[in-house]
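Participant: Here is my input; please provide its structure:
(one chain, ligands or ions: 1)
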Amino acid sequence: MKKNKIILVGYRATGKSSLAKLIAERLGWEWLDTDPLIEERAGKSIAKIFAEEGETHFRDLEEMAVADVLRETKSLVVATGGGVPLRERSRKLLRDSGIVFWLQAKPKTIYERMNGDATTADRRPALTDLSALDEIKTVLANRQKAYQECAHHVIDTDGSSLDTLAQYICELSRSSNNE
Ligand code: S3P
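Facilitator: Residues are numbered from 1 along each chain as shown. Below is the predicted model:
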């Protein structure tokens, strides 16, 4: 059966939201990002949820938001928060519900993109006590297996334009659906 969800997973600032928007435009589909959805439901920023209720509570809200989004029957491009694949249930749901693309970037690229993104302060609280670059290297290494487990395709985003990547992902989705 053809899958009508294109799902982008990967570490923070690997281009999931920007690409989701471009892919949706190309296909004439809708797109959404799970982070603003969680914030809208909670009535506060992700940084505030982490500070007031802790990371585990945030992960619970995240798991629920992803499950709700994937229950939608319409075609959708979904940009997921970087930690969504941490939970086994979500990994399985992602893989079963759509074509999953794991966006990769080098730690230095991620660091630079995070610093240049105005949403980082409110949406990306620290995940460890490490320095920013060491945190990226460590957490990324710890998550490799989780990303790998749910991904159908791996996309290296370093050195390619968003337009090129969007076109490539659309082509891969088309061929995945025709297999
Ligand atoms: C997180 C990534 C963020 C956001 C939250 C936690 C993570 O989303 O969900 O700060 O654990 O990697 P982005 O991947 O969109 O930055």
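
Participant: Could you export stretch 143-152 as CSV, CA atoms only?
Facilitator: Output of stretch 143-152 as CSV, limited to C-alpha atoms (Å, rounded to 0.1, in the frame of the first residue of the first chain):
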residue,chain,number,x,y,z
ARG,A,143,21.3,8.2,19.1
GLN,A,144,22.8,6.7,16.0
LYS,A,145,21.2,3.3,16.5
ALA,A,146,17.7,4.8,17.3
TYR,A,147,17.8,6.9,14.1
GLN,A,148,19.1,4.0,12.1
GLU,A,149,16.4,1.6,13.4
CYS,A,150,13.5,3.7,12.1
ALA,A,151,14.9,5.1,8.9
HIS,A,152,14.2,3.8,5.4
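
Participant: May I see the buried residues of that stretch?
Facilitator: If you call a residue buried by 16 or more other Cβ atoms under 10 Å, then stretch 143-152 has these buried ones: 143, 146, 147, 150, 151, 152. For the C-beta atoms, the positions are set from N, CA and C on the backbone; glycine is no exception.

Participant: State the distance from residue 37 to residue 78.
Facilitator: Noted for residue 37: a distance of 10 Å to residue 78, by Cβ to Cβ, to the nearest Å.

Participant: what is in contact with the two at once?
Facilitator: residue 69 (Cβ atoms under 8 Å, 6 or more residues apart in numbering).
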